[in-house]
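[1] generate coordinates for the sequence data below:
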Amino acid sequence: MLWVFFTQMLLLVAVFIGRDFFPSWLSRIIMVMAILFPPITYLYTFTRAPIRRAWHDLLRSFWKLFISMLRAIARCFHPATIKQLFRLVTSLQTAPTTADEWITFGVLPFKTCVVITFPLIWLFNTIISHSSNFPYYSRAGGLSYQFLYECYFISLLGLLIGALLQSLFCPAGRVTVTLRFFLLGLILLFGATLFPQGVR
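    Here you go, the predicted model:
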């Protein structure tokens, strides 16, 4: 195939250059060869048994992939699946209604911040340290994540206040879950303080 492509390129170059150096009849012959040579050669190549077998295997694998995709889409849009999804969506509440739900909803951002802060810092440092678009990045100093740390400390304080409110207005299990997130935040903070290379 590479030789066919290379010969085709040579014929095209000869067509463009031959107008100035070759007679008109020779230029026409070269042009006809440049037009007829590729399809004839490609057809001859595709008629060979190994090439036919390779194309047959490729088309068969594409057909199997297409059928599997159709089956997966059919399973996703099966009437039972759509009915189950509709029931789930209609059962969702648009907003909290009780004090317990409102306090739990208010504590959720603080829980999320505690969980994702240090993984985000590690991910940013990993990406930036391997990127040439940040020439002022220092492996020893790293970037300043003061805003993220401030949000982290505010989240710890928010978890304490949320646990206090939950102890007054919510069942006992809510307070336990919130205090677990608070303890997790303290463990992550002390771990980042004792092993800063793990974050960087």
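
[2] now the helices for the protein?
    Taking DSSP state H as the criterion, the chain carries its helices at 2-21, 24-46, 49-76, 79-91, 99-129, 146-169, 172-194, 196-199.

[3] need the ones you listed in TSV with mean neighbour count and mean pLDDT, can you?
    The way it works is simple: take the backbone N, C-alpha and C, and place the C-beta from them, glycine included. Formatted as TSV, these follow (neighbours: other CB atoms under 10 Å; pLDDT from 0 to 100):
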stretch	mean neighbour count	mean pLDDT
helix 2-21	13	66
helix 24-46	13	73
helix 49-76	10	82
helix 79-91	9	78
helix 99-129	16	83
helix 146-169	16	86
helix 172-194	15	84
helix 196-199	10	56
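
[4] over to residue 47: give its phi and psi.
    Dihedral angles of residue 47 (phi, psi; degrees, to the nearest 10) stand at phi -80, psi -10.

[5] got the contact list for it?
    Residue 47 makes no contacts at all, as judged by CB atoms under 8 Å, 6 or more residues apart in numbering.

[6] just the pLDDT for it.
    Residue 47 carries a pLDDT value of 72.

[7] what about stretch 104-123, distance to the chain center?
    Centre-to-centre, stretch 104-123 and its host chain are 21 Å apart (CA atoms, centre = their mean, to the nearest Å).

[8] likewise stretch 98-107?
    Here stretch 98-107 is found 33 Å from its chain centre; the criterion is CA atoms, centre = their mean.

[9] now swap in stretch 181-196 and tell me
    Counting by CA atoms, centre = their mean, stretch 181-196 is centred 29 Å from the centre of its parent chain.

[10] ok, residues contacting stretch 173-184?
    Contact with stretch 173-184 is made by 100, 103-104, 107, 110-111, 114-115, 156, 159-160, 162-163, 166-167, as judged by CB under 8 Å, 6+ apart.

[11] between these, which is nearest residue 185?
    Residue 185 lies nearest to residue 114 out of these, by CB to CB, at 4.1 Å.

[12] so who does the closest residue to that closest one other than its chain neighbours touch?
    Once flanking residues are discounted, residue 114 sits nearest to residue 185: 4.1 Å by CB to CB, 6 or more residues apart in numbering. Shown in contact with residue 185 (CB under 8 Å, 6+ apart): 114, 152, 155, 156, 159.

[13] reformat those as a markdown table; add distance to residue 75.
    Shown next, in a markdown table, are those (distance: CB to CB, whole Å):
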| residue | distance to residue 75 |
| --- | --- |
| 114 | 38 |
| 152 | 42 |
| 155 | 40 |
| 156 | 44 |
| 159 | 41 |
